[in-house]
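Trainee: got a sequence here, can you model it:
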Amino acid sequence: MDTVGTALLLAAAPAGRGRAIDAASVLPALAAVPPGALTGTPVATVVELADPLDPQTVLTRLRAAAATPGPLSVHLAGQLQLDRRQRLPHLALARSTATTLRYTGLPWHWLAAELAVRRPGTTSVVADLVADTEVWDGLGSTPGLLSLGPGVQLYGRVAPAPRRGAPTTPDYLRHFATIWRTGARPPLPDLHAAAAAHMGSAPALYLTPQTGASANGFLAAPARPAASPADTDPHPAILAAAQAGRHGEAVAVAVAWEQEALRRHGPRSREAVHWMEVRADLARLAGEAARSCELWIGAAQARLDMSQPPQDPDVEGAVDRAHHQWERIADPARARALGPTLVALRRHVPGRKAGALAALERRMG
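Mentor: From the prediction side, this is the model:
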């Protein structure tokens, strides 16, 4: 039986003038991600909490999620404030104010306590947070202030709350969703590196687990992949990572470059298609023939949509590579699912190898 994971999506911030982050704005992006991508499991249950009012309601949902036996992934966007009496960090909820935080916010140690009962290695938390001045200052002097214990993988970004103007947005967590929606599934460290690199040089602390340590440590600057859109030529670093078996890292860097190409040139551009083709080849190097086939099909179709002719070497090359990878798909169901699309594409782009279409149709039966 497939392992079932649980994803808890929690976005919380005060209503009114006290709101420093538009936390709930990230929920549509996360909801558009296949549930299994959130948890790294074939099947997943998703629980969503948008701007909850009551800390007991959040605690009840959190406790139920923590009681599930499979992997648990908590995706958290919100703002941290220090309560005035006990001097402890709280996640501010919709009714929270500076004077009522102790009763209307979710104490951070409640989150740690509920997750502490879980089997080590089955729980991850990805957090995109802003912190009031007192919490921000405390992070600098107390690195373990947001520790969730040794059994929890905690990755995240904490930025100082804006002093004035419009609330900030959870762009770090949104970048995770952007990568997942491409179909890429890098491990959390590589997702964190790609998202941190995407954030630029704005002041922030980046949370990452310390190997062998009992608390979560902080990086004072973004953790960048081996290459990013600020570098000259990322291709050697990407290839080196893939050849060394660091496939998730290679994909995360390629996705970061693809997002930059999409931003600068748009989806109907050769620059964006190039990075789709890079990801297709990375899937090949990782032994993911079906994923590689899908990406090569997408690249060929994108080039045709840009009015490149079927005889264009780049179009023919993409279709030939899709065909080649299709023949190496080990799962018959995946091969059958991709077959009709590939046949239709091959009829339009027969290529220079005689009999390629006939051979494909014979294989399809």
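
Trainee: tell me the contacts of the residue nearest to the spatial centre of the chain?
Mentor: The centre of the chain sits closest to residue 176, judged by CA atoms, centre = their mean, with a distance of 2.3 Å. Neighbouring residues of residue 176 by CB atoms under 8 Å, 6 or more residues apart in numbering: 75, 126, 191, 195. The way it works is simple: take the backbone N, C-alpha and C, and place the C-beta from them, glycine included.

Trainee: please list the members of those residues that lie in strands.
Mentor: 75, 126 (DSSP state E).

Trainee: by neighbours, which of the contacts of residue 176 wins?
Mentor: residue 195 (28 neighbours; other CB atoms under 10 Å).

Trainee: my guess is that residue contacts residue 170, does it?
Mentor: No: the pair residue 195 / residue 170 is not scored as a contact, 10.5 Å apart, by CB atoms under 8 Å.

Trainee: shaky segments in this protein?
Mentor: 1-2, 143, 200-201, 210-232, 354, 365 (pLDDT under 70).

Trainee: list the contacts of the longest helix along it.
Mentor: Secondary structure of the chain per DSSP state H: the longest helix is helix 247-265. The contact list for helix 247-265 (CB under 8 Å, 6+ apart) reads 175, 178-179, 182, 184-187, 189-191, 193-194, 197-198, 225-229, 234, 237-239, 241-242, 269, 271-272, 274-276, 278-279, 282, 285-286.

Trainee: from these, keep the buried residues only.
Mentor: Buried members of the contacts of helix 247-265, counted by 16 or more other CB atoms under 10 Å: 175, 178-179, 182, 184-186, 189-191, 193-194, 197-198, 225-229, 234, 237-238, 241-242, 272, 275-276, 278-279, 282, 286.

Trainee: in stretch 279-297, what counts as buried?
Mentor: For stretch 279-297, by 16+ other CB under 10 Å, it's 279-284, 286, 288-297.

Trainee: which helix or strand contains the residue nearest to the centre of the chain?
Mentor: helix 171-181 (DSSP states H and E).

Trainee: now that helix: how far from the chain's centre is it?
Mentor: Distance of helix 171-181 from the chain centroid (CA atoms, centre = their mean, to the nearest Å) equals 4 Å.

Trainee: ok, residue 287 - contacts?
Mentor: So residue 287 contacts nothing (CB under 8 Å, 6+ apart).

Trainee: so it lies in a helix, does it not?
Mentor: No: remark: residue 287 does not belong to a helix; assigned using DSSP: H, G, I helix; E, B strand; the rest coil, it is coil.

Trainee: going forward, count from 21.
Mentor: All set: I'll call the first residue 21, so the last point we hit is now residue 307.

Trainee: quick revisit: look up how far residue 263 lies from the residue nearest to the centre of the chain.
Mentor: Distance, residue 196 to residue 263, using CB to CB, to the nearest Å: 26 Å.

Trainee: repeat that for residue 306.
Mentor: For residue 306 relative to residue 263 (CB to CB), the value is 11 Å.

Trainee: okay, the contacts of residue 196 in JSON lines with distance to residue 25 next?
Mentor: Below are the contacts of residue 196 laid out as JSON lines (distance: CB to CB, whole Å):
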{"residue": "95", "distance to residue 25": "12"}
{"residue": "146", "distance to residue 25": "14"}
{"residue": "211", "distance to residue 25": "16"}
{"residue": "215", "distance to residue 25": "20"}
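
Trainee: residue 94 reaches residue 142, doesn't it?
Mentor: No: Residue 94 is beyond contact range of residue 142, at 11.8 Å (criterion: CB under 8 Å).

Trainee: give the contact list for the residue lying closest to residue 52 once chain neighbours are set aside.
Mentor: Of all residues not flanking residue 52 in the chain, residue 201 sits nearest, at 6.2 Å (CB to CB, 6 or more residues apart in numbering). By CB under 8 Å, 6+ apart, the contact set of residue 201 is 49, 52, 53.

Trainee: neighbour-wise, which of the residues you listed leads?
Mentor: residue 53 (19 neighbours).

Trainee: and that one, what are its phi and psi?
Mentor: phi -80, psi 140 (degrees, to the nearest 10).

Trainee: nearest residue to it other than its sequence neighbours?
Mentor: residue 200 (4.5 Å).

Trainee: ok, now how distant is the one you found from residue 52?
Mentor: The value you get for residue 200 to residue 52, if CB to CB is used, is 9 Å.

Trainee: list phi and psi for residue 155.
Mentor: Dihedral angles for residue 155 - degrees, to the nearest 10 - are phi -70, psi -40.

Trainee: nearest residue to it in space, please, no chain neighbours.
Mentor: That would be residue 100: by CB to CB, 6+ apart, it lies 4.6 Å from residue 155.

Trainee: bridged to the one you found, which residues?
Mentor: residue 111, residue 151 (DSSP bridges).

Trainee: neighbours of it, how many?
Mentor: 26.

Trainee: picking that back up, neighbour-wise, which of residue 94 and residue 142 wins?
Mentor: More neighbours surround residue 94 than the other of residue 94 and residue 142, with 25 against 17 (other CB under 10 Å).
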